[in-house]
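fold the stuff below for me.
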Amino acid sequence: MTVSTASAHTADRGTWLLIVCCLSQFIHTVYGSIVNIALPAISHDLGAGIDSLQWLVSAYVLSLAALLILSGALADRFGRKRILIIGNVVMVIGAVVCALSPDVAMLIAGRVVQGIGSALIAPAGLALLTAAFPAMSKRAIAVMWWTTFGTVSLAAGPILGGLLVNSAGWQSVFWAGVPLGAVAIVLAAVLLTESKSATPRRFDPVGPVLLTLALATLAFVLIEGVHLGWGSPAIIAGSLVVVVSFAALIAYEQKHPQPLVPVSLFRNRPFTTALSTAVLGYLALAGLLFLNTFSLQSARGLDPMSAGLLTLPLAVGATIAAQLSGSLVAKGRSREILLLSGALIAAASLALWATEHAALWWVIAPYFAFGLGVGFISDPISVTALSTLPTSKAGLASSLISTANQVGQMLGIAAAGTLLALAAGTSETTAFDAMGGWVWGMLAACGAGVLLLNLRKPRSSKLVDASGPTIAPGPALDPGV
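Okay, the predicted model is just below:
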């Protein structure tokens, strides 16, 4: 085989790897938002209230957030290709369970299964790309496409969901993932080469249990508090479990030689700023996608397809920003991009509040601006978080950023649903009229928070680590993770 033939063969393998990873990325990310547009139909068919609808969306995000870091360690130890295939298999199983669900309980269980599959897919796919493209220039392009697929999939979920629900019912949202998952499984099995970490981290069995307990109980308190009563024994007990679980997690991780969540990272100011920015940014996005269910369908009376298509400017804005942010970050404009992101999210939220009863065409510009704000946020977050950390911390820090994205989404769903549920006993339309303004205000506050967090240029606060230099700015982590 000549050198040119070998190079072409390597390029073909890289192309197929990128296709398989981006397809898996699309499947796991789109299910973070595609179900939102189906919520009214599910509520009508299965008799689900606002709290059940919150759990339908949160169950997926919760299991993903709780297992994301652990699954990265599993991929490094047992093989990224293997874990990617298993993740797609689990995702397909979850989709079938959801599609066949006769009641809300089974549907929520299926969403948990889907979240587990998603948690396996995300770090395995990114690790495969990183290993396959050692040259920074090619890796940047590959991860740019990965990042773009994540942003676009999350924003385009309502559009695809609306088309499916309108034409074939809410079950089709889940059935659609079955053939896509099957294609991803076959392609991965045939085309990908296995890769593992030469020195996988020691397994930490206690950390994932404590993290899952803390996040699950936090979701329970936030979602059920308004329904059970904030002073009820169950909510008080749940709040205590949250505090004790997080305290135990911190104490345990400080003593573990290779902790799941290194507490020392949180002493690094740029890293904690980036993590906080991620939580606020994705809280705003998840809150918007959840609120859209009531704003466009219940209050405006649109059918699912029309409601989904109306959010097209959101997806377009996110796509444009995701493509632009990489080049702007490369020019050292990370902080400026985050300031712009926060301003756009805040302004767009206020504009959507002001136009909630205006003619529909008035919402196009705010949706586009919101999409720009969300699309701009991922690349600079990763660069800000990683630029002052040692190389040995890069993979784990990236996993924590991804977890922060999911925690932000969980909080956004819980907060938006809780505010709407304060108008208990009323119709969804009345609930939106009574409490929708509070949700728009919350989203605007998240944008303002992103702006304020990044106003002052953080001082360098490098960790002392003998195992490697600090990390130069590079490609960002998947925003959909």
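
count of neighbours near Arg456?
By other C-beta atoms under 10 Å, the residues close to Arg456 number 9. To be clear about C-beta, it is placed using only N, CA and C from the backbone, and glycine gets the same treatment.

for it, pull up the helix or strand it's in.
Arg456 is part of no helix or strand when elements are defined by DSSP states H and E.

OK, contacts around it?
With C-beta atoms under 8 Å, 6 or more residues apart in numbering as the criterion, no residue contacts Arg456.

gap between it and Ser276?
Using C-beta to C-beta, to the nearest Å, Arg456 is found at 13 Å from Ser276.

cool, Ile401 as well?
Counting by C-beta to C-beta, the gap from Ile401 to Ser276 is 11 Å.

then Val209?
Val209 is 25 Å from Ser276, by C-beta to C-beta.

again with Ser43
According to C-beta to C-beta, Ser43 and Ser276 sit 33 Å apart.

now do Ser239
22 Å.

just checking, what packs against the longest helix along the chain?
Secondary structure of the chain read by DSSP state H shows that its longest helix is helix 136-168. Under the contact definition 3 or more C-beta pairs under 8 Å, 6 or more residues apart in numbering; DSSP states H and E, helix 136-168 sits against helix 3-30, helix 104-132, helix 171-175, helix 269-292, helix 304-310, helix 312-330, helix 364-375, helix 378-386.

rerun that using 6 Å as the cut-off
If you count contacts as 3 or more C-beta pairs under 6 Å, 6 or more residues apart in numbering; DSSP states H and E, helix 136-168 packs onto helix 3-30, helix 171-175, helix 304-310, helix 312-330.

residues in contact with Ile159?
Ile159 sits next to 308, 312 when contact means C-beta atoms under 6 Å, 6 or more residues apart in numbering.

in stretch 302-319, which residues are buried?
Applying a neighbour-count criterion of 16 or more other C-beta atoms under 10 Å, one finds 302, 304-305, 307-319 buried in stretch 302-319.

what of stretch 216-235?
Buried residues in stretch 216-235 (16+ other C-beta under 10 Å): 216-226, 228, 235.

quick one: contacts of stretch 356-375?
So stretch 356-375 is in contact with 151, 155, 285, 313-314, 317-318, 321-322, 341, 344-345, 348, 351-352, 355, going by C-beta under 6 Å, 6+ apart.

make it 8 Å
The set of residues external to stretch 356-375 that reach it, using C-beta under 8 Å, 6+ apart, is 151, 155, 281, 284-285, 288, 295, 299-300, 310-322, 324-325, 340-345, 347-349, 351-352, 355, 436-437, 440, 447.

just the buried members of those residues?
Buried subset of those (neighbour count, 16+ other C-beta under 10 Å): 151, 155, 281, 284-285, 288, 295, 299-300, 310-319, 321-322, 325, 340-345, 347-349, 351-352, 355, 436, 440, 447.

residue ranges with poor pLDDT in the stretch 151-300 of the chain?
151, 155, 200-201 (pLDDT under 70).

actually the stretch 301-450 of the chain, sorry about that
Confidence mapping of the stretch 301-450 of the chain against pLDDT under 70 gives the ranges 385-398, 423-435.

same thing but 80
Low-confidence segments of the stretch 301-450 of the chain (pLDDT under 80): 322-323, 326-327, 329-332, 378-379, 382-402, 420-436.

so which strand or helix has Asp204?
Per DSSP H and E: Asp204 is located in neither a helix nor a strand.

also the one 5 residues further on?
Secondary structure assigned from DSSP H and E places Val209 in helix 206-228.

give me the angle between that helix and helix 104-132.
Here helix 206-228 points in a direction 140 degrees away from that of helix 104-132 (axes from the mean of the first three to the mean of the last three C-alpha atoms, to 10 degrees).

show me the contact partners of helix 206-228.
With contact meaning C-beta under 8 Å, 6+ apart, helix 206-228 is reached by 51, 54-55, 58, 62, 65-67, 69-70, 234-235, 238-239, 241-242, 245-246, 248-249, 252-253, 256, 259-261, 407, 410-411, 414-415, 417-418, 421-422, 424.

ok, of the residues you listed, which come out buried?
Using 16+ other C-beta under 10 Å, the buried ones in the contacts of helix 206-228 are 51, 54-55, 58, 62, 65-67, 69-70, 235, 238-239, 241-242, 245-246, 249, 252-253, 259-261, 407, 410-411, 414-415, 417-418, 421.

in helices, which of the residues you listed fall?
In helices, judged by DSSP H, the following of the buried ones among the contacts of helix 206-228 are found: 51, 54-55, 58, 62, 65-67, 69-70, 235, 238-239, 241-242, 245-246, 249, 252-253, 407, 410-411, 414-415, 417-418, 421.

based on its surroundings, how many neighbours for the residue lying closest to Asp76 once chain neighbours are set aside?
Distances taken as C-beta to C-beta, 6 or more residues apart in numbering place Ser197 nearest to Asp76, at 3.6 Å, with adjacent residues excluded. Using other C-beta under 10 Å, the number of residues around Ser197 comes to 17.

also Ala237?
The local packing of Ala237 (other C-beta under 10 Å) involves 12 other residues.

could you check how far it is from Ala415?
To Ala415, Ala237 is 21 Å away according to C-beta to C-beta.

repeat that for Leu328.
As judged by C-beta to C-beta, Leu328 and Ala415 stand 30 Å apart.

re earlier: which one of the helices and strands packed on helix 136-168 lies closest to Leu128?
Ranking the helices and strands packed on helix 136-168 by proximity to Leu128 (C-beta to C-beta) places helix 3-30 first, at 5.9 Å.

so after that closest one, what's the next helix or strand?
Where DSSP H and E defines the elements, the next helix or strand beyond helix 3-30 is helix 39-46.

other residues contacting that next one?
Applying C-beta under 8 Å, 6+ apart, the contact partners of helix 39-46 are 48-49, 52-53, 56-57, 101, 103-104, 107, 165, 169-170, 293, 297-298, 304, 428.

for Ser43 and Ser276, indicate the residue with more neighbours.
Of the pair Ser43 and Ser276, Ser43 is the one with more neighbours under other C-beta under 10 Å, namely 20 against 17.

pretty sure Val97 sits against Ala109.
Yes. Applying C-beta atoms under 8 Å, one finds Val97 in contact with Ala109, separated by 6.6 Å.

in contact with Met442, which residues?
Contacts of Met442 by C-beta under 8 Å, 6+ apart are 287, 415-416, 419.
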